[in-house]
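**Q** Any chance you can model this:
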Amino acid sequence: MTPDIKGRFCLSCQKSVVDFSTMSDQQILLYFKKAKENTCGKFREDQLNRKFEVDSKRRLNWLKYFIDLNH
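**A** Model prediction:
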């Protein structure tokens, strides 16, 4: 693999391998929300086979904004 802008580039499968191991749950969720194609990634063991935590403050702020618009 060689370094590239997203992490490392796999010469075998010709894809960028994104290093998610240093990202927070919010950063990972944002990445996949914007992703337009399949993604290869490197994760830590504790990031696998679990639900991701969503920032509840962010969700509540959006809900408050939505409610205020309708009044």
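
**Q** how many neighbours does the nearest residue to Glu53 once chain neighbours are set aside have?
**A** Excluding the flanking residues, the one nearest Glu53 by C-beta to C-beta, 6 or more residues apart in numbering is Asp25, at 4.8 Å. Every C-beta, even on glycine, is put in place using the N, C-alpha and C of the backbone. Applying other C-beta atoms under 10 Å, we find 15 residues neighbouring Asp25.

**Q** now swap in Lys36 and tell me
**A** 5.

**Q** need the helix or strand of the protein with the lowest average pLDDT.
**A** The helix or strand of the chain with the poorest confidence is helix 56-69; it has a mean of 52 (mean pLDDT, DSSP states H and E).

**Q** circling back: distance of the residue nearest to Glu53 from Val54?
**A** Using C-beta to C-beta, to the nearest Å, we find Asp25 at a distance of 8 Å from Val54.

**Q** where does Asp46 land in three-state SS?
**A** helix (DSSP: H, G, I helix; E, B strand; the rest coil).

**Q** Phe20: neighbouring residues, count only.
**A** 19.

**Q** and it, what is it in contact with?
**A** Ile28, Tyr31, Gly41, Lys42, Phe43, Gln47 (C-beta atoms under 8 Å, 6 or more residues apart in numbering).

**Q** got it, and Leu11?
**A** Leu11 neighbours (C-beta under 8 Å, 6+ apart): Met1, Thr2.
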